[in-house]
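Trainee: Quick one, what's the 3D model for this:
(one chain, ligands or ions: 1)
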Amino acid sequence: MSTPFILPPLPYADDALAPVISSNTMGFHYGKHHKTYVDNLNKLADGTDFAAMSLVDVIKKTAGVADKAGVFNNAAQIWNHTFFWESMKANGGGKPTGKIAELIDRDLGGYDKFKTDFAQAAVTQFGSGWAWLVADQGKLAIRKTGNAETPVSGSAVPLLTIDVWEHAYYLDYQNRRADFANAVIDKLLDWDRANERLG
Ligand code: MN
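Mentor: Numbering: from 1, shown residues only. So this is what the prediction gives:
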C-alpha cells in the first residue's frame, strides 16, 4: 500500500507547551489521534485518485460529498491538527503586535473583546469541533466548525485555530473546556504565524 499522506513533525518538543498542554496530552493527541487520521486516509485513498492529490485538494474535492465523508473527515482532521500545532508556541498568547493587532482593533472591537469572543466560540461549539480566527474578504472574523469541518473547503483564510474536541483537553482539564481555551489564548497563540498568514 502506498502512503502518500504523512504525519508532519511537531514544530516543538512534546512537552514544549506544558503546563497548558501536557506532554501526556500531546502524546495521545499528536501521537495517536493525529497519526490515526493519517493512517486512515492512506487506507481510504489507496488505489484511488485521491492518492495522487494534495491534502488540500482532497479536502476541497470531498467537502459536502456524502459518500466521501470518511475521506473528507480524515483529510480535514489531518490538515486541522497540523494547523493547530502551528497556531501555538511556548510563551505565546496575550496581546498581538503588528498587522493582526491593527485588524483586531478595526474588525473585532479590540483585543479584550476578541479574547472574550474567541473563548466563547470555543466554549459554545456544541460537541466536537474547532474555533477559528479567519480573514474573510479582507476582514477578520471568528468562526466555529463542527467535527472535521474546516475553512479550507471555503474561501476564508484561516489564521489561528483551537481544537475543542474533548481529546484536546480532557486529560489536563477534564470537562473545563473554557479553562483550556483561555489558557491557549493567554499563553500559547502564535501571533507571529497569524501575521505571516495574513500575507
Ligand atoms: Mn484533536
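Trainee: what residues are up against residue 89?
Mentor: With contacts defined as C-beta atoms under 8 Å, 6 or more residues apart in numbering, the neighbours of residue 89 are 11, 12, 16, 188, 190, 192, 193. Just so you know, the C-beta spots here come from the backbone N, C-alpha and C atoms, and that holds for glycine as well.
Trainee: Quick check: the gap between residue 193 and the ion.
Mentor: 18 Å (C-beta to the ion, to the nearest Å).
Trainee: Go ahead and list the helix or strand containing that residue.
Mentor: Residue 193 is located in helix 191-198, with elements delineated by DSSP states H and E.
Trainee: Convert the C-alpha atoms of that helix to CSV, please.
Mentor: What follows is helix 191-198 as a C-alpha-only set of coordinates in CSV (Å, rounded to 0.1, in the frame of the first residue of the first chain):
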residue,chain,number,x,y,z
TRP,A,191,0.6,35.7,16.7
ASP,A,192,3.8,35.7,14.5
ARG,A,193,2.2,32.9,12.5
ALA,A,194,-1.1,34.8,12.2
ASN,A,195,0.8,37.8,10.9
GLU,A,196,2.6,35.6,8.4
ARG,A,197,-0.7,34.0,7.3
LEU,A,198,-2.2,37.5,6.6
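Trainee: Could you list the buried residues of that helix?
Mentor: Neighbour-count burial for helix 191-198 flags 191, 193, 194, 195, 197 (criterion: 16 or more other C-beta atoms under 10 Å).
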